[in-house]
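Student: Quick one, structure for this:
(2 chains)
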Number of protein chains: 2
Amino acid sequence: MHIFDEDTRVERAGAGTWSARISDRWGIGLVPNGGYVMSVAMAAMREELGGLDPLTVTSHFLRPASVGPARVEVEVVKTGRRFSTVSARLVQEAGEVLRLLGTWGRIERGGKPVYGAGAPPELPPRDSLAPAWSGSDEPAREGEMRMTIRERFDLRLDPATSGFLRGERGGAAELRGWLRFADGRAPDVHALGLLADALPPPAFNLLDPGWVPTVELTVHARAHPVGEWLRCVFRTRFIQNGLLEEDGEIWDESGSLVALSRQMAAMPQAQPRR
Amino acid sequence: MHIFDEDTRVERAGAGTWSARISDRWGIGLVPNGGYVMSVAMAAMREELGGLDPLTVTSHFLRPASVGPARVEVEVVKTGRRFSTVSARLVQEAGEVLRLLGTWGRIERGGKPVYGAGAPPELPPRDSLAPAWSGSDEPAREGEMRMTIRERFDLRLDPATSGFLRGERGGAAELRGWLRFADGRAPDVHALGLLADALPPPAFNLLDPGWVPTVELTVHARAHPVGEWLRCVFRTRFIQNGLLEEDGEIWDESGSLVALSRQMAAMPQAQPRR
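Tutor: Numbers count the residues shown, from 1 in each chain, chains lettered A, B, ... in the order given. Prediction:
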């Protein structure tokens, strides 16, 4: 079993209630990555529906998650022939961590696009790129935050977009890169909450890095990914009123669009202390 | 009082429960516009919080609304110093119509962008453009659907993007235009659910028009709009697996970004009969 599947396992604990455990293997410092925690809740939503694919899922982030036990309470809002809508809350000892709302259905395999006015990001060949993190479990550049999440992925950022890794500021708030699970797990639509939140914030090219708390993350699944590697682009176009958006596109090895994502986040700040 | 405010009025009917009436003045054929119905629910969510601005609100569309009474049940998930999260359901006789999840807060007035990698859409001068609909309450081109919503807006589409109005197919699935309320109501963040769903689907430039049911609509409010007119661009980049996205940008007269929106919708089809 791959680490993502181990760490998003849920067990039925009552009618509409699932127990889970938030792992320390997806940490941004002391706080588990929000997209990972969202994926735990999505696992419970999926189980409650007896399968199906997430088509569009939104999560609102109420407080940082903690490593340890969690409970996911799922309400099936409506089941339909084509679309089934589900609400969920992920709760830990400190209170409710996430509230989610999503519509599930079936994505056909190999469906050809009727129309596509976009293309995968242009990237240098994977083999020409160094992994973004070396010795990835060492204290991170941006301070003393331990970033266990970096061990989970093989990320190859296009150097043209990752000046922040070299301490540069300027250019565009855009990151482009190749991404795969480090342990060989094939990406799928059930991991999209995590995958849409797996790269560093593109705003780090402009602003001093810090804790960028997600307010809300929505992901649209558009195809089942083919292959192991994903081609990703994440960009922030507007930073105003203390808020920013991060728009993501995730493409697969066959050149299909797998997902569109958008999150609203707050400006970089100090990470909450425990 | 302006029509939008009359038609989104809610009255407290119990703890967390608000009564409303879905008007026939925002119809797409027999079905009230989804963004309008979302705005009714958002009015109740706002009242339940005692004010505040919507920052990011998601609505999942479960069944078409009907003209007539509705009830909005609001659950305050969390109130915080900066962010307050609310869930709601809008229910009519046939059942639950919408399920919503949103985070509210305060958008400051006149906040200057820290970063903006985008600009308002380039549009011909308003006065050089004819209103998109003339005799707007007549049966629409796409059949016998009565479009009362057209009377509510003054919409000036850039002809370079609105070939579908002339029966043309091709080009890009993108609409750009000027938009204001026909009765002079100033746009504000509370109308963003409606405003993000007020234009025809950009996909009509490519596909035969029809009923394009929204699965989910998310709107991010980024600034309080200044002035009466909005500059809008809506585009669909990907149509695959029977689904499409519509991404919107709404800008104000001062050149500020007011909102980003994204919806997932299904391919054009026949409108449900009643």
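
Student: give me the element A:Leu260 is part of.
Tutor: strand A:257-266 (DSSP states H and E).

Student: From A:Ala265, how far out is the nearest residue to A:Phe204 once chain neighbours are set aside?
Tutor: Using C-beta to C-beta, 6 or more residues apart in numbering or on different chains and skipping the chain neighbours, the partner closest in space to A:Phe204 is A:Phe164 (4.1 Å). All C-beta spots, glycine's among them, are computed from the backbone N, C-alpha and C. Per C-beta to C-beta, to the nearest Å, A:Phe164 is found 16 Å from A:Ala265.

Student: likewise A:Arg156?
Tutor: In terms of C-beta to C-beta, A:Arg156 sits 24 Å off from A:Ala265.

Student: Also A:Ser162?
Tutor: Counting by C-beta to C-beta - A:Ser162 and A:Ala265 are separated by 19 Å.

Student: do the same with A:Gly167
Tutor: Separation of A:Gly167 from A:Ala265 (C-beta to C-beta): 22 Å.

Student: More neighbours: which of those two?
Tutor: A:Ala265 (23 against 7; other C-beta atoms under 10 Å in any protein chain shown).

Student: so where's the stretch 151-274 of chain A shaky on pLDDT?
Tutor: A:273-274 (pLDDT under 70).

Student: That one against chain B: which residues are in contact?
Tutor: A:172-173, A:203, A:206-207, A:215-216, A:218, A:220, A:222-223, A:235-245, A:256-257, A:260, A:262, A:264, A:266-267 (C-beta under 8 Å from any C-beta of the partner chain).

Student: Inside strands: which ones of those residues?
Tutor: A:215-216, A:218, A:220, A:235, A:238-240, A:243-245, A:257, A:260, A:262, A:264, A:266 (DSSP state E).

Student: Helices of the stretch 51-200 of chain A, start to end?
Tutor: A:192-195 (DSSP state H, counting those that start in this stretch).

Student: which residues does A:Lys78 contact?
Tutor: A:Ser84, A:Thr85, B:Leu62, B:Arg63, B:Gly95, B:Glu96 (C-beta atoms under 8 Å, 6 or more residues apart in numbering or on different chains).

Student: in the sheet, who's paired with the last one?
Tutor: Which is B:Glu96. B:Val91 (DSSP bridges).

Student: pretty sure it contacts B:Leu90?
Tutor: Yes. Using C-beta atoms under 8 Å, B:Glu96 is in contact with B:Leu90, at 7.2 Å.

Student: ok, these two, which is more surrounded?
Tutor: Neighbours were counted for B:Glu96 and for B:Leu90 using other C-beta under 10 Å; B:Leu90 has more, 26 against 17.

Student: Any figure for the gap between the more buried one and B:Leu52?
Tutor: From B:Leu90 over to B:Leu52 the distance is 19 Å, taken as C-beta to C-beta.

Student: A:Asn205 too?
Tutor: Where B:Leu52 is concerned, A:Asn205 sits at a distance of 32 Å (C-beta to C-beta).

Student: Compare neighbour counts for those two and give me the winner.
Tutor: Neighbours per residue (other C-beta under 10 Å) separate A:Asn205 from B:Leu52, with A:Asn205 holding more: 23 against 19.

Student: Nearest residue to that one in space, please, no chain neighbours.
Tutor: A:Phe164 is the one closest to A:Asn205 (C-beta to C-beta, 6+ apart), at 4.9 Å.

Student: again, but for A:Gly16
Tutor: That would be A:Val74: by C-beta to C-beta, 6+ apart, it lies 5.0 Å from A:Gly16.

Student: same thing with A:Val215?
Tutor: Excluding the flanking residues, the one nearest A:Val215 by C-beta to C-beta, 6+ apart is A:Met264, at 4.5 Å.

Student: What of A:Gly210?
Tutor: A:Pro268 (3.3 Å).

Student: shouldn't that neighbour be in contact with A:Pro202?
Tutor: No. Counting by C-beta under 8 Å, A:Pro202 is not a contact partner of A:Pro268; they are 11.7 Å apart.

Student: the more surrounded of those two?
Tutor: A:Pro202 (25 against 20).

Student: The more buried one and A:Leu175 touch, don't they?
Tutor: Yes. Using C-beta under 8 Å, A:Pro202 and A:Leu175 qualify as a contacting pair, with a distance of 4.8 Å.

Student: Residues of the stretch 1-150 of chain A that sit close to chain B?
Tutor: Counting by C-beta under 8 Å from any C-beta, the stretch 1-150 of chain A sits next to chain B at A:55-56, A:58, A:60, A:62-63, A:77-78, A:82-83, A:85, A:87, A:89, A:95-96, A:99-103, A:107-108, A:111-118.
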